[in-house]
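>>> Based on what follows, work out the 3D shape:
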Amino acid sequence: MDATSQLWTTFLNACLEKRLRSEQFDQYASELSNRSPIMGAKLANILVGRQTLLKEVIDPLLPAYADSLLESNRVSSADLLGALLKRSRYYHSSKVALVDAAASEDSQLQSLTELDAIILDQLCKAYSHNKRPKTQEETRVALRILSEWLTALAIPPADAIPQSMEEQEQYVSVCDSIAMLALAMLENPKVTGIILTALPKETRKALSRALTSFTVHWTEISAAAIASQASSPEQNIPFRLANAQKNLSLVQEVENDIHQDAFMDIAAASQVNAIQQLGLDLDTRPGAFVFISSLLSGRPLIEENMMLNYLHVKYKHDMQALTVDLIVAGFDVLSSAEDRKEPESVKFSLKSFLINKIPTLIAPLAASIYPHPEHCITKALHSVDLNTFPLPGVGQLTSSTLQNVRQEFLYSCVLHGILPAASIGRLLTQGSFSSPPSPDKRLFKELLIQQCATEPGKAVQLINGLENLDGNAGQIVLAVTEVIRDSCSTKDTMALKSICNALCKKPQSLDVWLQFTSPISVLQPLCQLLDAWRYEDDQGEYQPVYDEFASIFLLVLVFIYRYNLTATDLGVSPESFIAQYISHGHTSIPIDELTEEQSKYLESWAKGLFGSDGITEEVTSSCRPQQFYMIVPTLFNQTLLACAEGHITMSNVKMGLEYLLEPFLLPSLVGAILWMGAYSSEQLSSDLDALLQMLQRVTQAPTSSDAQAMHAIILSIVSQPLLGKLRDVRRKHAGRKDVESMISMMKSHSDFRRGTFSACPELKVWRKSPGSLRQTVRSTYRDLIHWHASSTINPTQQPPHYHPRLFAIAEGILGAEAVLSILIEELKVQTESPDGAANVAFDIATAIVCAPTTQNSPIDVNWIQSPVPQPPPRGEKRLNLRDVLRLKFNNATEIIQTSLSTAEALVRLHRKVDAQLKLSSAPMPDLAVSMPAILPDNMNTSDVAAANAVVDAINFAQDTNAGLDLTGAVDSMALESTLDSMLTDQTGKLGEGEGNVNDDIFGDLDFGGLSGDMMDMDMDLNF
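You can find the predicted model right below:
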């Protein structure tokens, strides 16, 4: 038995010995789970095994503990069902012999049938009340185990056949319980959806056979079953079971059909294996462009280990081709951004990638490049358009925004020792206006850390140097990251304040920052410091504490809201201050739910803000910063109510709000403004005036320069959600000039977020008519294919109009299967056409499928070389293109019987993607975790309503120049998470703009009328 299992075994034994009630048990189990997490299946097996402590009597605490663990999601229904099955005397599978060491040491292997019946009844209740299942994985595993239960009870082993009357009653009792559970599961809408759309073929067959044999057997032996047959259809359990089995197409197949299917599967499998690849693989310029674009389309994902692994596999260790295409892709991505008229802040990040990052990737390869890196760089620059990236002298005349990029890239190559300084004139075909840097000017992390330790203000100076784009950014980022981590460990909050203020003033520097290190490396120590912040016993003044806390807290908020980071991304526990703030920092607490301490804090701050004494040391000393920030929305809510009831005048309110514009309290406006924005859309005209006056006051810039910089970044954080709410108010209360002025003011701050679903002006064009988004995806893919041919003839041909988030947004709205089907259809066209470019199309499609994303990525971006590797995002439920391609490939034997060309395209693309990801990515996640929902082409009304819900969430801006406005929730970051949840499992053949709203992993999907298997794959039940 492993150490974790032993620990939980000891814990459960102690709980049973001490006779802890379920409430106490849940509390201790939560604490133990945080310290020593355990798989649900193991925990369920240990729990059921504790029945051996009492030989012949059921311990009543066991069902209570099982219910507690189920409610807290520490075990699933499948875990409990499997644990009971393993220890059931009726289970005649050989898997009984494979129980773990803990079970084998028990003096009694089998559990009591009374315990089986009680826990089965608990599970039945959970499914009947739609509390279960929680995930698709739980559903499929539970159905698999259910089929084994049904088979075991229908045909019990010889030594388990009831002999006495008592044994017969126990046996029938378990049969009755399992029958009721089966009915509850088959009538549960989430379970029926999985059965209809995403249940493995072998599991379906096993469940079909088990239901048929069990129902016949049960109706012969159970008095309850026999009696219910004479009742109404609603109470006739056997009738309802049979009806559910029929509706779900769970009828037992005829043996001849099974043999015929097997023969056809073998023949089809032979055809699949015979499919040949189309000649030699091509490594195309569009393929590299698509992949590199995906790394820079939101939060930077250019982790060196992942990138180089991917490129080495793609180019088969051809260092020359890899280097040329990487450089060209860097220029192409920047050229594409210029074509899209991206703001300068976006282009700054792309310039940094080209100038700061690419040379650091090339430098280690230089020794492997023959004859010399200069040859590769010369070849790459021949593909760079002189009009877009003019030579320095011409750029001065044309005022090009990219006029110095070519020279800055070459200077960075000199700095990193890739090129000699003498080569600059040859590569620029003219003299430069300044001397290239000497490699001696290259900065190194270790030396910079030493300088920061001895020179006050050095870290801030280095941060300001990130704007220079001189090739030294990587070492600066790594050095200052270490300084931040060291300062957190020593609690040097004064130094951290200066560093955080410098970074907050330059949000675009954060884009450069995350090109060289993981978010968790810098944010985890900051969050831990904020979480553990306490007053010292000899604390003299308290306002400076708030001041330092505010600077650090604001930087964390900037990272969170700019890149849509979660508590997992930050590396903090759900109970930490930052995690709680992300979840509740923008919501008001009802007065009757405030704790006694919170009520005191609220009263103290209300008196401080609106009383005559102001914010005194007494106010700040009695309430730590973490406690203050969590009650700010409640403070604003109560202030608004007091103003409405005449207890305080608006002039006094505005005077009090002046305090919140001081630097030491400014970050409180994030939660306050987000709450006011949400509250504003709910108010009538008479109640709206006071709220808008408060909102106007806190959105007006303060007088001091330090406060103005902080205030500006706060407005950037809240701009997108606030704009959406203000537009809602404008629609309901037309003609209000105060609303119009605030909308105009907030627009200047709206270019802040960096995420898949942040502002996208082109989305409105993509969705201008039914089917237009599909057509945009198809035409973009074709344009990329055609670009390869034109750039072969004219190397300086720039990329076609391309948005790097198109495929990700389309995947979210249409579903991964719909996007994949577009790619497959075009691959068929390119393969079958005499003038087609099939190999080019396959290379580009491979890049599209393999493109990394911040969520649900086919490639792990874990930053293993950073101080702290980035953990994988949790709660991913949506299938990506890679997942759907894998599922389709597993179903190729069926597809090939209806469309040979489709099967050929699928198989060839899967082989290319699989070969590409085999060495450059983590293994494919367990497909049992998330299976697709197949929806028919003829969408019904409920499907269209679900699609419209997605459109409403994206909520276009009303103004001509406005882009995608994700403002359907108080917090835009939370909305992006909500939108992601709404788009889960959208892999069906969806119509334009179709999607399903998921409250959990299933949501409100209407599975009626669906049939057919998505895949033909077996899922082992690991006991």
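>>> And stretch 275-295, what's buried?
By 16 or more other CB atoms under 10 Å, the buried positions in stretch 275-295 come out as 275, 281-295. Backbone N, C-alpha and C define where each C-beta goes, glycine included.
>>> ugh, typo on my part, it should be stretch 892-912
Buried residues in stretch 892-912, counted by 16+ other CB under 10 Å: 892-896, 902-910, 912.
>>> Repeat that for stretch 165-185.
Along stretch 165-185, these residues count as buried under the neighbour rule (16+ other CB under 10 Å): 170-185.
>>> Mind telling me the two of those farthest from one another?
Gln170 and Met185 (22.7 Å; CB to CB).
>>> so Gly614 touches Glu662, yeah?
No. Using CB atoms under 8 Å, Gly614 is not in contact with Glu662; the gap is 10.8 Å.
>>> Who has more neighbours out of the two?
Glu662 (18 against 14; other CB atoms under 10 Å).
>>> just for the stretch 751-900 of the chain, where's the confidence low?
By pLDDT under 70, the weakly predicted segments of the stretch 751-900 of the chain are 873-877.
>>> in it, which spans are helices?
Using DSSP state H, counting those that start in this stretch, the helices assigned to the stretch 751-900 of the chain run over residues 763-766, 772-793, 806-814, 816-832, 838-850, 881-890, 892-895, 900-920.
>>> and if you look at the stretch 251-400 of the chain?
255-274, 285-295, 304-315, 319-339, 344-352, 358-362, 373-381, 392-398.
>>> Which neighbouring elements make contact with the longest one?
On a contact count with 3 or more CB pairs under 8 Å, 6 or more residues apart in numbering; DSSP states H and E, helix 319-339 meets helix 285-295, helix 304-315, helix 344-352, helix 358-362, helix 373-381, helix 405-415.
>>> okay if I get those as JSON lines plus distance to Phe807 and mean pLDDT?
Shown next, in JSON lines, are these (distance: least, CB to CB, whole Å; pLDDT from 0 to 100):
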{"stretch": "helix 285-295", "distance to Phe807": "8", "mean pLDDT": "96"}
{"stretch": "helix 304-315", "distance to Phe807": "17", "mean pLDDT": "90"}
{"stretch": "helix 344-352", "distance to Phe807": "18", "mean pLDDT": "94"}
{"stretch": "helix 358-362", "distance to Phe807": "24", "mean pLDDT": "94"}
{"stretch": "helix 373-381", "distance to Phe807": "26", "mean pLDDT": "93"}
{"stretch": "helix 405-415", "distance to Phe807": "27", "mean pLDDT": "94"}
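>>> looking at the ones you listed, which is buried most?
Of all the helices and strands packed on helix 319-339, helix 285-295 has the most neighbours on average by mean count of other CB atoms under 10 Å, namely a mean of 26.
>>> tilt between that helix and helix 900-920?
Orientation check (axes from the mean of the first three to the mean of the last three CA atoms, to 10 degrees): helix 285-295 against helix 900-920 gives 60 degrees.
>>> wait, is Leu402 part of a strand?
No. Counting by DSSP: H, G, I helix; E, B strand; the rest coil, one finds Leu402 to be coil, located in no strand.
>>> Go ahead and confirm it touches Glu338.
Yes. In this structure, Leu402 is within contact of Glu338 by CB under 8 Å, at 6.4 Å.
>>> What about the buried residues of stretch 165-185, which are in helices?
Judged by DSSP state H, the buried residues of stretch 165-185 include 170-185 as members of helices.
>>> Count the residues that sit near the nearest residue to Leu906 once chain neighbours are set aside.
Nearest residue to Leu906 in three dimensions, chain neighbours excluded: Lys888, at 5.1 Å (CB to CB, 6 or more residues apart in numbering). Number of residues near Lys888 (other CB under 10 Å) recorded here: 26.
>>> same deal with Asp687?
14.
>>> Checking my notes, it in a helix, right?
Yes. Checked against three-state DSSP, Asp687 lies within a helix.
>>> ok, it touching Leu641?
No. Shown here, Asp687 and Leu641 do not form a contact pair, counting by CB under 8 Å, at 9.9 Å.
>>> returning to what we had before: adding distance to Val191, write the helices of the stretch 751-900 of the chain out as TSV.
Output for the helices of the stretch 751-900 of the chain, formatted as TSV (distance: least, CB to CB, whole Å):
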stretch	distance to Val191
helix 763-766	36
helix 772-793	32
helix 806-814	26
helix 816-832	22
helix 838-850	31
helix 881-890	20
helix 892-895	24
helix 900-920	29
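>>> looking at the helices and strands packed on helix 319-339, which is closest to Val191?
Closest of the helices and strands packed on helix 319-339 to Val191 is helix 285-295, at 36.2 Å (criterion: CB to CB).
>>> Quick one: list the elements packing against that closest one.
By 3+ CB pairs under 8 Å, 6+ apart, helix 285-295 packs against helix 304-315, helix 319-339, helix 772-793, helix 838-850.
>>> which residues are contacting the shortest one?
In other words, helix 304-315. 283, 287-288, 291, 295, 321-322, 325-326, 360-361, 850, 852, 859-865, 915-916, 918-921 (CB atoms under 8 Å, 6 or more residues apart in numbering).
>>> tilt between it and helix 319-339?
Using the same axes, to 10 degrees: helix 304-315 against helix 319-339 is 110 degrees.
>>> Same check on the last one?
With the same axes, to 10 degrees as the criterion, the two stretches helix 838-850 and helix 319-339 enclose an angle of 70 degrees.
>>> next one: the longest one
Inter-element angle recorded for helix 772-793 and helix 319-339: 130 degrees (by the same axes, to 10 degrees).
>>> What residues sit buried inside helix 772-793?
For helix 772-793, by 16+ other CB under 10 Å, it's 773-774, 776-778, 780-782, 784-785, 787-788, 791.
>>> same question, stretch 476-495
Buried-residue list, stretch 476-495, by 16+ other CB under 10 Å: 476-485, 487-488, 493, 495.
>>> I'd like the mean pLDDT over it, please.
For stretch 476-495, the mean pLDDT works out to 96.
>>> Please apply the same query to stretch 118-135.
90.
>>> Now do it: distance to the chain's middle.
Mean-position distance between stretch 118-135 and its chain equals 28 Å (CA atoms, centre = their mean, to the nearest Å).
>>> need the contact list for Leu150.
Ile178, Ala182, Leu207, Ala210, Leu211, Ser213, Phe214.
>>> let's see it at 7 Å
Ile178, Ala182, Ala210, Leu211, Phe214 (CB atoms under 7 Å, 6 or more residues apart in numbering).
>>> would you turn these into CSV with distance to Leu301?
Shown next, in CSV, are the contacts of Leu150 (distance: CB to CB, whole Å):
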residue, distance to Leu301
Ile178, 48
Ala182, 46
Ala210, 46
Leu211, 47
Phe214, 50
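>>> could you dump those residues to JSON lines with pLDDT?
Formatted as JSON lines, the contacts of Leu150 follow (pLDDT from 0 to 100):
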{"residue": "Ile178", "pLDDT": "91"}
{"residue": "Ala182", "pLDDT": "93"}
{"residue": "Ala210", "pLDDT": "87"}
{"residue": "Leu211", "pLDDT": "88"}
{"residue": "Phe214", "pLDDT": "85"}
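>>> Fine, thanks again, bye for now.
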